[in-house]
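Novice: the following block contains a protein sequence and its predicted model.
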Amino acid sequence: MNVPNALTISRLAAIPVLMALLLLRFPGHDQVAAALFIMFSLTDTLDGQLARRRGMVSDLGRFLDPLADKLFVLAVLIVLVQEGLVAAWVVVVIFSRELIITILRSVAASQGRIIAAAPLGKTKTVTQMSAVTLLILQRPYPELTLIAGLAVAIAVAFTLWSGIDYLWRFRYLLGPFDTSRTRVASGGAPEASLAAELAGVLVPKGFTVAVAESSTGGMVGSMIVDQPGSSAYFVGGVIAYSNQVKHEHLGVSEELLRTVGAVSREVAEAMAAGARTRFGTNLAVAVTGIAGPGADASSKPVGLTYIAVSSAANTASREFKFNGDRVSNRRQAATEALRMLIAEARSIGSPSGVTSA
């Protein structure tokens, strides 16, 4: 238990107090309820900021924060329906969206994954909390009724929009869309067949390969060595998670890292060329990206990934924008890296003195 998580739990503890204030009748009870609602709503922003700045982000916080938001808003809305201050269908829409996303999170949790709150989800929460505040205050201040109605409409729109956004971005978790964990008919993972295909291209040509990985953290190399006999062509790699390692072990210039950033096409290509030179291989692949769930201090979006493949004749790269969670983004990047390696290996001839079978 840390301070950010304690703030999150305070929102849950405030629910019965707010419900009582809305149901009781004494001078200023609605104003007090609105003030408390605003105060505890602000903890939603504060807990996240504290967690990120102090390095206190935890799995409990990622799970509990969105749950507290939902219960906090829904509990107050239910009382407002009972008091005749908002239509019941509004609560049904909001509750349905939250139920669906909660089910989605449960599916993710069953796979060992946690879906953190997305920016659009946070915007949805802000619009809902603003609408609830106005709904509470419209009883003592009838002139706010029209504004409250408009705020409710905006909140409903963002509720639906964010729900669709979550379902689309994490669609791979549901049934056949989950290509990151679907098993092929042969009994192996899809990337296993890619590793075998890579071996089938490299071995006849006598090619060797190395990897330079940042966001994938060794996943590309792991997929390659899953293939029996990979020692014939896989030399090794560098997990260059920090800029210092990228510079010192892969030869990426400090100026390049400073000017374009670690997650860029230029750095990916420099990493791939550096790995090929360092290990003396025919081919090298590099991956750099923002896996998520947050972008840390970067202004670049979560899922943005650059993959580069270097050979003696060419160094080329591609930009990808993955839409999954951290695990899926890393796995998709590693899978695409294998595909790019296969394509490049096919496009170039065998080294001198090596003939294809």
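Specialist: Structure received.
Novice: residue 261 reaches residue 300, doesn't it?
Specialist: Yes. If you go by Cβ atoms under 8 Å, residue 261 and residue 300 touch, sitting 7.1 Å apart. Bear in mind the C-beta positions are built from the backbone N, C-alpha and C, glycine included.
Novice: wait, is residue 310 part of a helix?
Specialist: No. With DSSP: H, G, I helix; E, B strand; the rest coil as the criterion, residue 310 is located in strand rather than a helix.
Novice: now do the contacts for the spatially closest residue to it that is not a sequence neighbour.
Specialist: In space, not counting the residues next to it along the chain, residue 310 is nearest to residue 272; the distance is 3.8 Å by Cβ to Cβ, 6 or more residues apart in numbering. With contacts defined as Cβ atoms under 8 Å, 6 or more residues apart in numbering, the neighbours of residue 272 are 212, 284, 285, 286, 308, 309, 310, 315, 317.
Novice: redo the residues you listed as a markdown table? Include neighbour count and distance to residue 323.
Specialist: Compiled in a markdown table, the contacts of residue 272 are given as follows (neighbours: other Cβ atoms under 10 Å; distance: Cβ to Cβ, whole Å):
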| residue | neighbour count | distance to residue 323 |
| --- | --- | --- |
| 212 | 33 | 25 |
| 284 | 31 | 27 |
| 285 | 30 | 22 |
| 286 | 35 | 22 |
| 308 | 26 | 21 |
| 309 | 27 | 23 |
| 310 | 28 | 27 |
| 315 | 18 | 27 |
| 317 | 21 | 20 |
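Novice: show me where the stretch 201-350 of the chain has its strands.
Specialist: Counting by DSSP state E, counting those that start in this stretch, the stretch 201-350 of the chain forms strands over residues 209-213, 234-239, 283-289, 304-311, 315-321, given from the N-terminal end onward.
Novice: buried residues, whichever strand or helix holds residue 128. List them.
Specialist: Assignment of secondary structure by DSSP states H and E places residue 128 within helix 119-137. Within helix 119-137, the residues that count as buried by 16 or more other Cβ atoms under 10 Å are 120-122, 124-125, 127-137.
Novice: for stretch 133-151, same thing?
Specialist: Applying a neighbour-count criterion of 16+ other Cβ under 10 Å, one finds 133, 134, 135, 136, 137, 138, 139, 144, 148, 151 buried in stretch 133-151.
Novice: and these, which is closest to residue 337?
Specialist: residue 151 (46.9 Å; Cβ to Cβ).
Novice: what helices or strands is the helix or strand encompassing that closest one leaning on?
Specialist: With elements delineated by DSSP H and E, residue 151 resides in helix 145-169, which encompasses its position. Secondary-structure packing of helix 145-169 (3 or more Cβ pairs under 8 Å, 6 or more residues apart in numbering; DSSP states H and E): helix 88-110, helix 119-137.
Novice: swap the cut-off to 10 Å and go again
Specialist: Under the contact criterion of 3 or more Cβ pairs under 10 Å, 6 or more residues apart in numbering; DSSP states H and E, helix 145-169 touches helix 59-82, helix 88-110, helix 119-137.
Novice: that helix versus helix 59-82: what angle between them?
Specialist: Counting by axes from the mean of the first three to the mean of the last three Cα atoms, to 10 degrees, helix 145-169 lies at 140 degrees to helix 59-82.
Novice: contacting residues for residue 233?
Specialist: Applying Cβ atoms under 10 Å, 6 or more residues apart in numbering, one finds that residue 233 lies in contact with 198-199, 201-203, 205-209, 224, 227, 281-283, 345.
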